[in-house]
Every structure is written in structure tokens, then in C-alpha cells.
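**Q** below: sequence and its predicted model.
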Amino acid sequence: MDPEKESAAEQIISQEVNAVAMDSARVKGNGCAACHVLFTLVGKMDLSETDAADLLTEVLLAKPELNDRFIEMVENIHMKQRMMGMTFAIKTRDAKDRYLDSQFKNTLDELLADAANYGVDIVFRKLVMSHVALGIAQSLGIDYHAATEELYYYMRKHDSETHAVLMQLVSSIMDRGKHR
């Protein structure tokens, strides 16, 4: 990775984490704190969302102190300051159904696009990660974004072990599918 690009990204991430920690209203509405930082990178560095996500991961992996501050910011907004489920709960049944229908269709389209663009193994990895994050969210009683960030935080700290186990599982699932 380009050291200048990584240094610039680190500075942007650090500044935005500090700014959000001081004023959580920077994260608009019920937006995701992690996504807010990600899209700040996209805008300030003129990157694609995928490139910015990769860069964010690389910087947080390389800078454990910043990684800790990042996850504290996410936890504060998603776990301490919000009750995100309330906005959904007060909607009418029709509004809830429209929202769920849209989410269902968008997710299926996204998975198909990922399979076409990146391969089936990436889709399996994404599905496994989603399942683990959902389990964390349910067991802790937190929202999915916060659970996902907690999972990524853990995985960054234990990068080689978690990557190896995850890839072994994906490979095993794909092998079983071939033998049917």
C-alpha cells in the first residue's frame, strides 16, 4: 500500500473519529457511525466505496490505538446513545412491509452481483460474516452495525487466525457443494 495514501487516510480517520466523539450529531439521523467514517474517506480522498473500505481496514489493522478509538466511537453511538429499533416499531404495518420487501430484494441483488463480480467464495464469506455478526447482535442486544464493527475489531486484532479459519470454512462449504 502507498504510505502517503495510508498516512492521509489515517489522518482523516483520526480526525473524523475525534469529531464524531465530540459531536455525535455529525452522524446524520440513524446513520451508521462506521459508514460515516467510511464515506468521509470516500469523499475526501475521492475513492470508491470498496477502495475506501479496504483502506479503512488496512489503517485500523496497522494502528491498534486508532482501531480502539474507532470501536469506542461506534459503541458509543450505536449502543449507548441510540435505540434504533424504535423508529421501525412505530411505523404502520404497510410501511414496515414495504421496508422489509425493499431490503430483501436489495440484499438478494447485492449477493448476486457480488457472486458475478467477485466470485462465490466472497459471497460465502460475506454470508458467514453476516451470520456471526447477527449472532453477536442478538446475544448482546445491540444493533447489527455495532455487532459487525465489534466483529471486525476482533478480526483485525486476530487477523491471521480468523482469516485462516474463515477461509477454511468457506473452502469446506464450497467443496461439499461440489460433491452433491
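**A** Noted; the coordinates are in hand.
**Q** output the lowest mean pLDDT helix or strand found in the protein.
**A** The helix or strand of the chain with the lowest confidence, counting by mean pLDDT, DSSP states H and E, is helix 85-89 at a mean of 61.
**Q** what's downstream of it, the next helix or strand?
**A** For helix 85-89, the succeeding helix or strand toward the C-terminus, using DSSP states H and E, is helix 93-118.
**Q** for the helix or strand that comes right after that following helix, name the packing helices and strands.
**A** Remark: after helix 93-118, the chain's next helix or strand is helix 120-140, criterion DSSP H and E. Taking 3 or more C-beta pairs under 8 Å, 6 or more residues apart in numbering; DSSP states H and E as the contact definition, the neighbouring helices and strands of helix 120-140 are helix 93-118, helix 144-157, helix 159-178. Just so you know, the C-beta spots here come from the backbone N, C-alpha and C atoms, and that holds for glycine as well.
**Q** closest one to K63 among those?
**A** Between K63 and the helices and strands packed on helix 120-140, the tightest spacing by C-beta to C-beta is seen for helix 144-157, at 9.9 Å.
**Q** what does that closest one rub up against?
**A** Outside helix 144-157, the residues within contact range by C-beta atoms under 8 Å, 6 or more residues apart in numbering are 32-35, 57, 60-61, 64, 67, 70-71, 74-75, 78-79, 129, 132-134, 136-137, 140, 142, 162-163.
**Q** circling back: ok, which of the helices and strands packed on helix 120-140 comes nearest F39?
**A** Put simply, out of these the one that sits nearest F39 is helix 144-157, at 13.4 Å, with distance taken as C-beta to C-beta.
**Q** chain center to that closest one, what's the gap?
**A** In terms of C-alpha atoms, centre = their mean, to the nearest Å, the centre of helix 144-157 is set 7 Å apart from its chain centre.
**Q** same check on stretch 43-60?
**A** Centroid separation for stretch 43-60 versus its chain: 12 Å, with C-alpha atoms, centre = their mean.
**Q** in that stretch, what counts as buried?
**A** Buried residues in stretch 43-60, defined by neighbour count with 16 or more other C-beta atoms under 10 Å: L47, A52, A53, L55, L56, T57, E58, V59, L60.
**Q** try stretch 108-128
**A** Of the residues in stretch 108-128, those buried under the neighbour-count criterion (16+ other C-beta under 10 Å) are D114, V123, F124, R125, K126.
**Q** span of it from start to end?
**A** Looking at stretch 108-128, the gap from its leading to its trailing residue is 15 Å under the measure C-alpha to C-alpha, to the nearest Å.
**Q** quick one: mean pLDDT for it?
**A** Stretch 108-128 shows a mean pLDDT of 90 in the predicted model.
**Q** ok, now stretch 32-46?
**A** When the per-residue pLDDT values of stretch 32-46 are averaged, the result is 92.
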